[in-house]
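In: I'd like to go over a predicted model; first the sequence, then the structure.
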Amino acid sequence: MRLEFLGAAHTVTGSCYLLETLERYYLIDCGMFQGSRRIREHNYDEFPFNPANIDSVILTHAHVDHCGLIPKLVRDGFQGTVYATKATCDLAQIMLPDSAHIQEADAELSNRKNRRRGEEPIEPIYTLQDATDALEHFVPMPYETKFLLGDNVEVTFHDAGHILGSAIVEILVTEDTKTTKLVFSGDLGQPSQPIVKDPTVVTGADFLIVESTYGDRLHQIYDKETALLEIINDTMDRGGNVIIPSFAVGRTQTLLYYLYNLWKAGRLDGDIPIVIDSPLAINATRIFMRNFQDFDEETIQMFGQSGKMIDFPQVRICETPEESRALNSSESSQIILSASGMADAGRILHHLKHNLWRPESTILFVGYQAEGSLGRRLIDGIKRVRVLGEEVAVKAQIQMLDGFSAHADANQLMDWISKFQDPKPAKVFIVHGEAQGQEALKSRIQKECGEEVYIPFRGDAVKISGRASEIQLSNIPEVSVEMEMEEQLREFDAEYRNLRHKVMQLAIRQPKTMEPLIKAITKGFNYMKKLFAPFNI
């Protein structure tokens, strides 16, 4: 068999892996690329395979960076089945049409500009009709139940604890009397998070494909409810709004859970409006309630066995664009939860446009922000941004509450990986992460588990027979450049870290050297900026 890495390889998004057996072709995920413009442009690329040849798609969960290109796959000839858990199938019913609406709206906006420039029109990545057609291919499968794909492939979904319906995918492939067990982590959740269950422990695999979004970071352990309340109260005292870019599926529901607990305990002022301004989040919340059988025990106790929403009187829902726009003319302070979570699209952009310039408001991020996204730039301290075609000064408080993430951190990833003992993986493939996090996780797996680790680039593949494997390097030209540049930057990073350690030790041992050291660092940094100025970076 052969496994090819076509997305989420040296990037966080675009999850897509092509599994080729002796008889058939399968995709594990078919997700959109998100983040910088260079990365997003891959969504317009032709698939590096014939979609008509794909027998099935095995989908880990409903986030668009895992499922968002399935409508394009169907439009281009895919006629097979998309297998996913019931909750994922339900969520896809709203996620894919919403994504199609964004593609159509973005294309329409670009074409208005293109017409003024005399340029050719562009087509959306896919349309609402494509998304509707794609949903006809979805078939729900329960957790912990094997199902057959052909005569030699068995698949089992285990709960990944990331969002409702998220799955770890276990695939058994039998070829030439040898059975090989592949395990794809999908997006692995944090243990002890509200609503969803903890990730399932898997005790063995021949090959493990694991995410690394937080591969070099640890979630802070603190009282999240109190930290959230402090930000809300401080902002209300200043007379501003708390604007929370929130992923519609998962994060919005978790925040509502915490806000409800604060209100129920009498800690949150019942007069502060909490506004859900995302049609997708509203519909997702309704789907969550229809799938309450997948909730963890604590949440089931809170909601009871009825699966009905708790009465939370200060929550207000914005269904229409007119209601959304009216929020920005309100004189009262409020908490607004709006998508997208990385602040790259959707109604959140209007709220940022009206609040970023206000020192009294707070923009609160509660999830991972991909490199190149507006959310990442705001967290990194950018002072002016362009929002909906208008230059806006950033004067609002920019806050980040770690620990709300739906991803496992480095220690939680290692704890999950360490359980693979029967058998231990012959090789671990690290996907879904940025270079620094992937390298950190690779180092830990090698040191703590003693396993072979490879970080694939897009287009890399591995040929597998039993537990034996052979890496086949990508022949994509841009990937070859990326690999060579990555090697150079890795050497530079190692030298920098070594120098940084020596400078820090010198300053600690000889405090009088701190001032001249700072001057030398500043001078060196300014010189580097001059060196790179011709490249406009």
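Out: Sure thing, it's come through.

In: now stretch 404-415: mean pLDDT?
Out: Averaging pLDDT along stretch 404-415 gives 91.

In: Only the buried residues of that stretch, if you could.
Out: The neighbour-count check on stretch 404-415 (16 or more other CB atoms under 10 Å) flags 404-410, 412-414 as buried. All C-beta atoms are positioned from the backbone trio N, CA, C, and that covers glycine.

In: Just give the number of residues close to D29.
Out: Neighbour count for D29, taken as other CB atoms under 10 Å: 27.

In: and what of N233?
Out: Using other CB under 10 Å, N233 has 15 neighbouring residues.

In: Assumed it was part of a helix.
Out: Yes. Assessed with DSSP: H, G, I helix; E, B strand; the rest coil, N233 lies in a helix.

In: Spit out the contact partners of it.
Out: Contacts for N233 (CB atoms under 8 Å, 6 or more residues apart in numbering) come out as D269.

In: how close does it sit to H158?
Out: Going from N233 to H158 by CB to CB, to the nearest Å gives 41 Å.

In: tell me which element Y257 falls in.
Out: According to DSSP states H and E, Y257 maps onto helix 251-264.

In: likewise C89?
Out: Going by DSSP H and E, C89 is in helix 86-117.

In: looking at this protein, which helix or strand is least sure?
Out: helix 297-303 (a mean of 69; mean pLDDT, DSSP states H and E).

In: what's the spacing between the following helix or strand past that one and its chain's center?
Out: Using DSSP H and E, the next helix or strand after helix 297-303 towards the C-terminus is strand 315-317. Strand 315-317 has its C-alpha centroid displaced from the chain centroid by 26 Å (CA atoms, centre = their mean, to the nearest Å).

In: which strands and helices sit next to strand 315-317?
Out: strand 274-276 (3 or more CB pairs under 8 Å, 6 or more residues apart in numbering; DSSP states H and E).

In: what does the strand it packs on contact?
Out: Under CB under 8 Å, 6+ apart, the answer for strand 274-276 is 252, 256, 259, 282, 285, 312, 314-318, 327, 334-338.

In: Are any of the residues you listed buried, and if so which?
Out: Using 16+ other CB under 10 Å, the buried ones in those are 252, 256, 259, 282, 285, 314-315, 318, 327, 334-338.

In: Now distance to G204 and pLDDT too, for those, in TSV please.
Out: Below are these laid out as TSV (distance: CB to CB, whole Å; pLDDT from 0 to 100):
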residue	distance to G204	pLDDT
T252	36	83
L256	38	86
L259	41	91
I282	41	81
T285	37	78
Q314	49	84
V315	45	85
C318	48	85
L327	51	86
Q334	50	94
I335	45	94
I336	46	93
L337	41	92
S338	43	89
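
In: List the buried residues of stretch 188-201.
Out: Buried-residue list, stretch 188-201, by 16+ other CB under 10 Å: 188-190, 193-200.

In: what's the most distant pair in these?
Out: Maximum pairwise distance in those, criterion CB to CB, is 17.9 Å, between P194 and T200.

In: quick one, the longest strand along the chain and helix 86-117 angle?
Out: Of all the segments of type strand in the chain, defined by DSSP state E, the longest one is strand 167-175. If you take axes from the mean of the first three to the mean of the last three CA atoms, to 10 degrees, strand 167-175 sits at 100 degrees to helix 86-117.

In: Kind regards, and thank you for your time.
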